[in-house]
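Enquirer: From the sequence below, what's the structure:
(one chain, ligands or ions: 2)
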Amino acid sequence: MKICVLPGDGIGPEITAEALRVLAALRSDGLPIETEQALIGGSAVDAEGVPLPQSTLRLAGEADAVLLGAVGGPQWDGLPRDQRPERGLLGIRKSLELFANLRPAILYPELANASTLKPEVVAGLDIMIVRELTGDIYFGQPRGIEQRDGETVGFNTMIYSEAEIRRIARVAFGIAMKRDRRLCSVDKMNVLECTQLWRDVVTDEAKAFPEVRLTHMLVDNAAMQLVRNPKQFDVMVTGNMFGDILSDEASMLTGSIGMLPSASLDASNKGMYEPSHGSAPDIAGKGLANPLATILSVAMMLRYTFGQEEAAQRVEAAVKRVLSDGLRTADIFEEGTRKVGTTQIGDAVLAAL
Ligand code: IPM
Ligand code: MG
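Expert: Residues are numbered from 1 along each chain as shown. Ligands and ions are numbered 1, 2, ... in the order given. I've put the predicted structure just below:
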């Protein structure tokens, strides 16, 4: 079990340190875990001048799984586009062909008050968003800013091939089969040809999964339905850009983006695992960050890349135990619970493990 650890920027190093302790505990319990660290994002720009050094890409390519903290920060915002920390993230996704991004939004009963929505709307929420991650307007050519007829224009290309749609649809149907067997595909077929193809291909792929109930929804309606009645969804599948937006929206239904892990998988279930939240530069280095999303990302890694369901559930149970014991980092703190820092909540997870 070779794991490449990329702490990244901001709170990245603090939260991955706690996840590394969990991995060390699992190793001493017998899992053959090996870890190696490398640079990505702004810290790689500072050290080597590029957000995704070749050495990092090589290490990540050789590993079975990658654990990523977070990238980005205000000190790198002024850099040219190809040197920005985000480029490191997009580059590794594309190079490793991590086309399937799994973003669960789960409301833990202990955190029911953290959501800004009424408890009855979100109680028991458990949605899985499957976002296509290596295509769409994020990578489409041509793109750029140029002069046309004496005016500056900016342009990007939304593009999907049938094969790209089919492979992400297949992943989403497969996940739905292991859950409540309901899949909602999100597009904008009333306006965009690219997503008409999306709808046609997903509909065709459904023939291979007769037990899954497939529905389609336009993205604007989906954004609205997610806050109106989120529990109507089980699994959602959508393209890269719509998925970026809807997954942020879904995460906030749970009130605590600090709790949400994610997985980005290739065709052979090799994957990169990262918390859904960002690098939180405002609290970096203060020992305040919530490491639970990163620790839960380790659980996803055990499940999806290594097929270690029992170990995955052990990690998830440890996190739930810590929450039910009343420990909270600042982002999920409420009256009547005990506010602790990054390493303290890590200690508690280890003890529960
Ligand atoms: C995400 C992020 C990234 C994305 C950024 C940082 C490039 O928002 O993982 O959702 O847009 O994919
Ligand atoms: Mg995003």
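Enquirer: Kindly provide the distance from the nearest residue to residue 47 once chain neighbours are set aside to residue 108.
Expert: Spatial nearest neighbour of residue 47, chain neighbours left out: residue 39 (5.7 Å); criterion: Cβ to Cβ, 6 or more residues apart in numbering. The way it works is simple: take the backbone N, C-alpha and C, and place the C-beta from them, glycine included. Spatial separation of residue 39 from residue 108 under the definition Cβ to Cβ, to the nearest Å is 33 Å.
Enquirer: Neighbour count: these two, which is higher?
Expert: It is residue 39, of residue 39 and residue 108, that has more neighbours when counted by other Cβ atoms under 10 Å, with 23 against 18.
Enquirer: what about the more buried one, which helix or strand?
Expert: Residue 39 is part of no helix or strand, with elements assigned from DSSP states H and E.
Enquirer: Pretty sure it sits against residue 49.
Expert: No. At 11.1 Å, residue 39 does not count as touching residue 49 under the criterion of Cβ atoms under 8 Å.
Enquirer: give me the number of residues near residue 13?
Expert: Using other Cβ under 10 Å, residue 13 has 18 neighbouring residues.
Enquirer: what does residue 213 give?
Expert: Based on other Cβ under 10 Å, the number of other residues close to residue 213 is 14.
Enquirer: For ligand 1, what's the nearest residue on the stretch 51-200 of the chain?
Expert: Checking the stretch 51-200 of the chain residue by residue against ligand 1 with Cβ to the nearest ligand atom singles out residue 86 as nearest, at 3.9 Å.
Enquirer: For that residue, which non-adjacent residue is spatially closest?
Expert: Closest to residue 86 by Cβ to Cβ, 6+ apart is residue 72, at 6.1 Å.
Enquirer: Tally up the residues packed near the one you found, please.
Expert: Counted with other Cβ under 10 Å, residues neighbouring residue 72 total 23.
Enquirer: what does residue 215 give?
Expert: Using other Cβ under 10 Å as the criterion, residue 215 is surrounded by 12 other residues.
Enquirer: got the contact list for the residue of the stretch 51-200 of the chain closest to ligand 1?
Expert: Shown in contact with residue 86 (Cβ atoms under 8 Å, 6 or more residues apart in numbering): 51, 71, 72.
Enquirer: again, only this time at 10 Å
Expert: Applying Cβ atoms under 10 Å, 6 or more residues apart in numbering, we find residue 86 in contact with 41, 42, 51, 71, 72, 76.
Enquirer: what does residue 122 give?
Expert: The contact partners of residue 122, taken as Cβ under 10 Å, 6+ apart, are 105, 107, 111-112, 114-116, 227, 230-231, 253-255.
Enquirer: Same check on residue 189?
Expert: When contacts are counted by Cβ under 10 Å, 6+ apart, residue 189 touches 195, 196, 197, 198, 199, 200, 216, 218, 219.
Enquirer: change it to 6 Å
Expert: Residue 189 is in contact with 195, 196, 199, counting by Cβ atoms under 6 Å, 6 or more residues apart in numbering.
Enquirer: Skip the chain neighbours and tell me the closest residue to the second one.
Expert: Just to be clear, that refers to residue 196. Ranked by Cβ to Cβ, 6+ apart and with sequence neighbours excluded, the top spatial neighbour of residue 196 is residue 189, at 4.5 Å.
Enquirer: Helix, strand, or coil at that neighbour?
Expert: Taking DSSP: H, G, I helix; E, B strand; the rest coil as the rule, one finds residue 189 in the coil state.
Enquirer: and what of residue 264?
Expert: Each residue gets one of three states, and residue 264 gets strand by three-state DSSP.
Enquirer: Relative to residue 88, how far out is it?
Expert: When Cβ to Cβ is the yardstick, residue 264 and residue 88 sit 14 Å from each other.
Enquirer: Among these two, which residue is more densely surrounded?
Expert: In this comparison of residue 264 against residue 88, neighbours counted by other Cβ under 10 Å, the higher total goes to residue 88 at 29 against 26.
Enquirer: Spell out which parts of the stretch 151-300 of the chain neighbour ligand 1.
Expert: Contact residues (Cβ under 6 Å from any ligand atom) of the stretch 151-300 of the chain with ligand 1: residue 244.
Enquirer: Relative to ligand 1, which residue of the stretch 151-300 of the chain is the closest?
Expert: Checked against ligand 1 (Cβ to the nearest ligand atom), the nearest residue in the stretch 151-300 of the chain is residue 244, 4.5 Å away.
Enquirer: what residues are up against residue 107?
Expert: The neighbours of residue 107, taking Cβ under 6 Å, 6+ apart as the test, are 122, 125, 254.
Enquirer: next one: phi and psi at it?
Expert: Torsion angles at residue 107 (phi, psi; degrees, to the nearest 10) stand at phi -100, psi 110.
Enquirer: Kindly report the same for residue 40.
Expert: Torsion angles, degrees, to the nearest 10, at residue 40: phi -150, psi 160.
Enquirer: any idea how far it is from residue 342?
Expert: Between residue 40 and residue 342 the computed distance is 20 Å (Cβ to Cβ).
Enquirer: before we move on, back to that, of all the contacts of residue 107, which comes closest to residue 165?
Expert: Proximity of the contacts of residue 107 to residue 165 was ranked by Cβ to Cβ; the top entry is residue 125 with 27.4 Å.
Enquirer: would you list every one of the strands in the stretch 1-150 of the chain?
Expert: If you assign secondary structure with DSSP state E, counting those that start in this stretch, the strands in the stretch 1-150 of the chain sit at 2-8, 34-37, 65-70, 100-106, 126-132, 144-148.
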